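In: Below are the sequence and a predicted model; questions follow.
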Amino acid sequence: MTARKYFGTDGIRGCLGEGAITPEFMLKLGWACGKVFKKHGIRNRVIIGKDTRISGYLFESALEAGLSAAGMDIRLIGPMPTPAIAYLTRTYRANAGIVISASHNPYQDNGIKFFSSQGLKLDDEVELEIESWLDKDLEVTAPDLLGKAKRIDDAMGRYVECCKGTIPSVMSLDGMKVVLDCAHGATYQAAPYVFRELGAEIVTIGVSPNGLNINDGVGSTSPGKLVEKVLEVGADLGIAFDGDGDRVVMVDHKGEVVDGDELIYIIARNRQKSGRLRGGVVGTLMTNFGAEMAYKELDIPFVRANVGDRYVMSELVKNDWLLGGEGSGHIICFDKSTTGDAIIAALQVLIAMWSEKKDLHSLKSEMTKLPQVLKNVRVKEKIDPMSNASIAEAVEVQSARFAGQGRVLMRASGTEPLIRVMAEGSDSELVDSVVESLVETVVQAVG
C-alpha cells in the first residue's frame, strides 16, 4: 500500500493554520475531491456538513469554491452530526459527503472527514486518488460548467426522523427524565428534537455553541458536569455526545458513568435475548477484558480490531456482524447506520431499558469491568516493541501470571515516540505489579 501524505486513519486533521489545515489547502482539496468524486457517483453533487467550531465557516467556503471549480454541485447543511452527513449522502444520492470537524478535539483543531455515496468511509484507493490530484495544478472548469451551491433546508427533519425510526414504533419515552450534554457541538439541535419528540422530559447542557467552546469541559470526554446535573435534577439517566456526534457515554441515575464498552454490552445482550444480534461483537485492542469475559459467558463471539472505527467497521463487514465499537463511545450499529452514530446508539440502549424494564444502573451491573492500568514509556524513536526479543519474552511471562483472568497489551503510539504498556485483570495488585515489571523491561531495552 502506497503511503498516504495527507490522510490519516479518519480523514485529514490538524491544528488550524498548520500543515493541511489552511484555507489554501482546503481550496485545492475541494477541487481534487471534485475531480475524483465525479467518477464515483451518479448525480454530480457533494454534501458538506460541519460541527460548530468557528473555523468551519472558513473551510466550508474554501471547499465549496474548490468543488465548484471542478464542476461539482454542492449541497450545504450547516452544523449537523457526522452520522447525519453519512445518512444524507446516501439518501440524497450524492456522490460523496464531506464533514468539517475535529470530533472531540478543542476548537483550535479542525479536519475533514469523507463518506462515499453509500455513506461509508472512503476506500484507501479513493483517498490516494485524491492525493494524486492534490499534486497537480488547479485548473478551473469552463464557466458554464462551474458547480452550483444550494442549502438543504429540511436536513434536520430528515435526520431526526431517521433516528426516531430506529426504535420500535410502540416504544415511548413518556415519563422518563433525560439530561442531554451536547458538548456545544453538532448535536445541539438534533438530539433535543429526537428525545423530546419521543416523549422524554429533557434537561440540556452544552447546547450554546459560540464557535470556541466545543468540547470545553463538557461532552463525552468530560462527563463531570453531566454527572452533577443528573444528580441535581433527579434524572433517570444522562447522555453525553462528543463535538461531532459520533461518540456517546451515559450516566445512570446514581451518577455513575457508563462507557462505550458497557453500552455495547448492554445492546449486545438485549439483542441476543430478542434474536436480533446476528453473529458477534467487534471491540478493539483497548476493550476492557471484563467485556470479553462477559461475552464468553453469553456465548457471544467477540473479536478485537485495531483502535479506530475504520478497523472496527472492517471487521464487521468481514464477519457479516452488526455491532461493534470502542470504550470511548464510538459505537456502530450497522443495521441502523453506516457509521458510528451517538444518538442512534443511545436509543439502542434505551430499547434495552424499555424492553427489559430495567434502569441503566441495573443493566450496567451485569458486566464487571476489570481494573486496568496504562503507562506510557517515552523512547528515542518509534519502534514496534514486540520486535525486541527481551520485551516479547517479558510480555509472554507476565501474561502467564494472569492465568487467563487478565491480559497484557504492549504497543507503540501511532503519533508519538511512546510505548504504551497496559494490563488488566481481576486482581488490581497483580495488574500494578505486571505493569511495573514491563515498564522496567522496556526502559532497559529501548528507553
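Out: Nice, I can see it.
In: what about the nearest residue to residue 42 once chain neighbours are set aside, is that helix, strand or coil?
Out: With sequence-adjacent residues excluded and distances taken as Cβ to Cβ, 6 or more residues apart in numbering, residue 42 is closest to residue 93, at 6.7 Å. Yep, even glycine has a C-beta here, placed from its N, CA and C like the rest. With DSSP: H, G, I helix; E, B strand; the rest coil as the basis, residue 93 sits in coil.
In: so how far is residue 46 from residue 93?
Out: In this view, residue 93 and residue 46 are 12 Å apart by Cβ to Cβ, to the nearest Å.
In: for residue 347, same thing?
Out: If you go by Cβ to Cβ, the gap between residue 347 and residue 46 works out to 29 Å.
In: Tell me how many other residues surround the residue nearest to residue 42.
Out: Residue 93 sits with 11 neighbouring residues when counted by other Cβ atoms under 10 Å.
In: so who does it touch?
Out: Residues near residue 93 by Cβ atoms under 8 Å, 6 or more residues apart in numbering: 42, 43, 117.
In: tell me the SS of the second one?
Out: Just to be clear, that refers to residue 43. Put simply, residue 43 is coil when judged by three-state DSSP.
In: what does the model give the closest residue to it other than its chain neighbours for pLDDT?
Out: Nearest residue to residue 43, sequence neighbours excluded (Cβ to Cβ, 6+ apart): residue 93, at 5.2 Å. You'll see residue 93 listed with a pLDDT of 94.
In: And the helices in this protein?
Out: For the chain, helices defined by DSSP state H occupy the ranges 23-37, 55-69, 82-91, 124-134, 155-164, 190-197, 224-233, 260-274, 289-297, 309-319, 342-356, 360-364, 389-400, 428-446.
In: okay, the ones you listed, which one's buried deepest?
Out: Highest mean neighbour count of the helices of the chain: helix 82-91, a mean of 26 (counted as mean count of other Cβ atoms under 10 Å).
In: can you tell me how far the residue nearest to residue 42 sits from residue 35?
Out: Applying Cβ to Cβ to residue 93 and residue 35 gives a distance of 20 Å.
In: Got the phi and psi for the residue nearest to residue 42?
Out: The phi and psi torsions at residue 93 (degrees, to the nearest 10) take the values phi 60, psi 40.
In: How about residue 51?
Out: Dihedral pair for residue 51: phi -90, psi -160, per degrees, to the nearest 10.
In: so what's the residue most central in space within the chain scoring on pLDDT?
Out: Geometric centre of the chain, nearest residue: residue 330, 3.9 Å, by Cα atoms, centre = their mean. Looking at residue 330, its pLDDT reads 96.
In: In contact with the closest residue to it other than its chain neighbours, which residues are there?
Out: Once flanking residues are discounted, residue 330 sits nearest to residue 340: 4.5 Å by Cβ to Cβ, 6+ apart. Listed by Cβ under 8 Å, 6+ apart, the contact set of residue 340 reads 82, 83, 246, 247, 309, 325, 330, 331, 332.
In: what's the farthest-apart pair in those?
Out: For the contacts of residue 340, the farthest-apart pair by Cβ to Cβ is 82 and 325; their separation is 14.5 Å.
In: what does the domain assignment say about the protein?
Out: What automatic domain parsing lists as the domains of the chain is 12-153, 172-258, 259-341+364-369, 372-446.
In: Now distance to residue 6 too, for the ones you listed, in CSV please.
Out: Output for the domains of the chain, formatted as CSV (distance: least, Cβ to Cβ, whole Å):
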stretch, distance to residue 6
domain 12-153, 5
domain 172-258, 20
domain 259-341+364-369, 16
domain 372-446, 15
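In: Mind checking these for the one nearest to residue 354?
Out: Residue 354 lies closest, by Cβ to Cβ, to one member of those: domain 172-258, at 8.1 Å.
In: Between the two ends of that closest one, how far is it?
Out: Counting by Cα to Cα, to the nearest Å, you get 22 Å between the two ends of domain 172-258.
In: For residue 13, name its beta-bridge partners.
Out: Note on residue 13: beta-bridge partners residue 111, judged by DSSP bridges.
In: Let me see the contact set for it.
Out: Counted by Cβ under 8 Å, 6+ apart, residue 13 has contacts 21, 102, 105, 109, 110, 111, 112.
In: Tell me where the model's unsure across the stretch 251-400 of the chain.
Out: Along the stretch 251-400 of the chain, no part satisfies pLDDT under 70.
In: Check what contacts stretch 392-401 and list those residues.
Out: Against stretch 392-401 from outside (Cβ under 8 Å, 6+ apart): 386, 407, 408, 410, 423, 430, 434, 437, 438, 441.
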